[in-house]
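> A structural model of the following input is requested.
(chains A and B)
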Amino acid sequence: MNSKDHPHNENSTGRVTRRSFLSQMGAAGATVTAAPLVARAQFATAPGETSSRGTQKIENAVPIALSVNGKSVRIEVDPRTTLLDALRETLSLTGTKKGCDHGQCGACTVHVDGRRINSCLTLAIMHEGDSITTIEGLGEPDDLHPMQASFVEHDGYQCGYCTSGQIMSAVALLKEPCGPADADVKELMSGNICRCGAYPNIVAAIQHVRQRA
Amino acid sequence: MELFAYTRATDAEQAINTATSKDVRFIAGGTTLLDLMKLDVERPAQLIDINRIGLDAIEKLPTGTLRIGALVRNSDFAHHPIVQSDYRVLSQALLAGASAQLRNMATTGGNLLQRTRCMYFRNTAMPCNKRTPGTGCSAIEGDNRTLAILGTSKDCIATNPSDMNVAFAALEAVITVRSASGSRDIPFGDFHLLPGTTPHLETVLVPGDLVTHVTLPAPRSKSKQVYLKLRDRASYEFALASAAIVAEVSDGKFSFIRVALGGLGTKPWRSHEAEAALLHRPADIAMFHRAADAALRDADPQSENGFKVELAKRCITHALTLATQSA
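Numbering: from 1, shown residues only, chains lettered A, B, ... in the order given. Below you'll find the predicted structure:
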């Protein structure tokens, strides 16, 4: 596979990255499955600029205004769209993961007005005017949040799929009533499942940040 | 998920006046409703968002009672200083339920109305009298390990999954419901219905009813309180058996006792039998065993949940031991 076979691949070196491959798969998939429920995203900071998926007209679309990672955002979504799908599909913030989609795994954890919630079990339209923080709003690769840095330092992951949810939960936990013991951390982190079983390192990463705070 | 009309209510009156048919659902935390809508178990034509109508305060009333708004989130409820000091069994029960994320979303009113976790109720491919009346109960002949042994009928053995409800039963909470015709108070024990031949009817609420508050009686300052929850994993799991105890002991005997059970009944289960076995009797292990036997006397286990009878007895006995040994 190279860029000549795939004119839509914008990678000039011809190297297919994981993300560009998945984007193409997604585009191809859309022709044989149902059209995406959500479209038309617009950041207030970049007026007029629509997302690459943003051309499809949605039936029954509802406009909503949110603050996402400190930026004001106006989007139009089908009323059935969860906050999780609005973040991932409309706003292309794919750091927040979809695991079970039923509030049982915690991969979709984000902060709403500073509190952690499962973004899969809430509708985007219920959050008009709310401030949402996702993993993308926590730190940058060259300026990590202390919890992100601690997860790296303590190897608090294996496959990484649950990691953004784990970190969003862990950052919220810092401001919640929580006893000093590892057992207290485990109890308050029980809503985040790690199938790789990185739990000991996750607890160590969190305790490291708590003890330095 | 089926398409629905979405309305955001600005106050309780508007919400009630909009909710005129049985195809309407109020949505608060959404943790049960959206879960079931994704499974097509719930298919409302209209959702009324009640998250911005207020009803989110916890207030100590002059009578000494504690009034909790229906929109108070489970985490705020559990960590409220008055709840932590005077209604410990309730704080413990709330914190034993779900996860920190879900507790930040779930509300008092929503937890009251939490639907069963019976896998057949959640699977539209399977018969279920609760979901589709008259189709039969798949659980009685099926996978029923986690299901109820108290209050069952030949039509339904689904367990009420709430921990909060068990503490409410022990604390004798009162639920305030508002409709177009006014407000009414419902004692907690009268709020949930036994399945009988109509398992699709779970509470006394009718369309247009909105739970606005829950009121707890004035605290019993000398009472010992315990919520003990037994489950398949240490956290983030529904109860196989749980017990809420509110006890007062004077001169070695129970002068006041309330016992409620979770994970065992088709509704939150107050055990008047256990209470009668304990009141005015010595607070010792022999009496705890007698109370546990009394509580489970009418248990009707199924093919896979017979273990719950013994588990429940040990849960009650241990909870009573913890309640009466604490300083």
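> part of a strand, is B:Val206?
No: under the criterion used here (DSSP: H, G, I helix; E, B strand; the rest coil), B:Val206 is coil, not part of a strand.
> just give me the neighbour total for it.
Using other Cβ atoms under 10 Å in any protein chain shown as the criterion, B:Val206 is surrounded by 10 other residues. C-beta: built from backbone N, CA, C; applies to glycine.
> residue contacts, it?
Neighbouring residues of B:Val206 by Cβ atoms under 8 Å, 6 or more residues apart in numbering or on different chains: B:Ser179.
> which residues touch the residue of the stretch 51-200 of chain B found nearest chain A?
Closest approach between the stretch 51-200 of chain B and chain A, counting by Cβ to the nearest Cβ: B:Ser99, at 2.4 Å. B:Ser99 is in contact with A:Gly106, A:Asn118, A:Ser190, A:Gly191, A:Asn192, B:Tyr236, counting by Cβ under 8 Å, 6+ apart.
> and if we set it to 7 Å?
Going by Cβ atoms under 7 Å, 6 or more residues apart in numbering or on different chains, B:Ser99 touches A:Gly106, A:Ser190, A:Gly191, B:Tyr236.
> quick one: low-confidence parts of chain B?
B:326-327 (pLDDT under 70).
> and it, what are its domains?
Listed domain ranges for chain B are B:5-49, B:224-325 (source: automatic domain parsing).
> of all those, which one is nearest chain A?
Nearest to chain A, of the domains of chain B and by Cβ to the nearest Cβ, is domain B:224-325 at 3.6 Å.
> could you check how far the residue of the stretch 51-200 of chain B closest to chain A is from B:Gln92?
Distance, B:Ser99 to B:Gln92, using Cβ to Cβ, to the nearest Å: 16 Å.
> return the most buried member of the domains of chain B.
The highest mean neighbour count among those, using mean count of other Cβ atoms under 10 Å in any protein chain shown, belongs to domain B:224-325: a mean of 20.
> do that one and chain A meet?
Yes: residues of domain B:224-325 are located near chain A by Cβ under 7 Å from any Cβ of the partner chain, namely B:Ser235, B:Tyr236.
> can you tell which of the domains of chain B is closest to A:Lys98?
When these are compared for distance to A:Lys98 using Cβ to Cβ, the nearest one is domain B:5-49, at 11.9 Å.
> the closest residue to A:Glu136 other than its chain neighbours: what's it in contact with?
Nearest-residue entry for A:Glu136: A:Gly95, 4.9 Å, with adjacent residues in sequence omitted and distances by Cβ to Cβ, 6 or more residues apart in numbering or on different chains. Shown in contact with A:Gly95 (Cβ under 7 Å, 6+ apart): A:Thr134, A:Ile135, A:Glu136, A:Ser164.
> and what of B:Asp56?
Remark: with contacts taken as Cβ under 7 Å, 6+ apart, B:Asp56 is in contact with B:Gly69, B:Leu71, B:Val72.
> in TSV, list those residues along with distance to chain A and secondary structure.
Below are those laid out as TSV (distance: Cβ to the nearest Cβ, whole Å; DSSP: H, G, I helix; E, B strand; the rest coil):
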residue	distance to chain A	secondary structure
B:Gly69	17	strand
B:Leu71	13	coil
B:Val72	14	coil
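> which of the residues you listed count as buried?
The neighbour-count test (16 or more other Cβ atoms under 10 Å in any protein chain shown) marks B:Gly69, B:Leu71, B:Val72 as buried among the contacts of B:Asp56.
> residues in contact with B:Glu237?
Counted by Cβ under 7 Å, 6+ apart, B:Glu237 has contacts B:Arg231.
> actually B:Leu193, not the one I typed
By Cβ under 7 Å, 6+ apart, the contact set of B:Leu193 is B:Leu201, B:Glu202, B:Thr203, B:Val204, B:Lys267.
> show me what the longest helix belonging to chain B is packed against.
Ranked by residue count under DSSP state H, the longest helix found in chain B is helix B:307-325. With contacts defined as 3 or more Cβ pairs under 7 Å, 6 or more residues apart in numbering or on different chains; DSSP states H and E, the packing partners of helix B:307-325 are strand B:224-230, strand B:241-250, helix B:285-295.
> ok so, going back, farthest pair in the contacts of A:Gly95?
The most distant members of the contacts of A:Gly95, if one measures by Cβ to Cβ, are A:Glu136 and A:Ser164, lying 8.8 Å apart.
> one step back: with distance to B:Gln14 added, can I get the buried ones among the contacts of B:Asp56 in a markdown table?
Below are the buried ones among the contacts of B:Asp56 laid out as a markdown table (distance: Cβ to Cβ, whole Å):
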| residue | distance to B:Gln14 |
| --- | --- |
| B:Gly69 | 17 |
| B:Leu71 | 15 |
| B:Val72 | 20 |
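> picking up where we left off before, need the phi and psi values for the residue nearest to A:Glu136.
phi -70, psi -30 (degrees, to the nearest 10).
> check it and give its pLDDT.
A:Gly95 is assigned a predicted lDDT (pLDDT) of 98.
> next one: A:Gly54
49.
> residues touching A:Ala107, list them.
A:Lys97, A:Lys98, A:Gly99, A:Tyr161, A:Cys162, A:Gly165.
> can you check B:Gly263 too?
When contacts are taken as Cβ under 7 Å, 6+ apart, B:Gly263 is in contact with B:Thr159, B:Phe238, B:Ala239, B:Leu240, B:Ala241, B:Ser242.
> residue contacts, the residue lying closest to B:Gly196 once chain neighbours are set aside?
Using Cβ to Cβ, 6+ apart and skipping the chain neighbours, the partner closest in space to B:Gly196 is B:Ser153 (5.2 Å). By Cβ under 7 Å, 6+ apart, B:Ser153 lies in contact with B:Pro195, B:Gly196, B:Thr197.
> one step back: redo the contacts of B:Ser99 as a markdown table? Include secondary structure.
Putting the contacts of B:Ser99 into a markdown table (three-state DSSP) gives the following:
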| residue | secondary structure |
| --- | --- |
| A:Gly106 | coil |
| A:Ser190 | coil |
| A:Gly191 | coil |
| B:Tyr236 | coil |
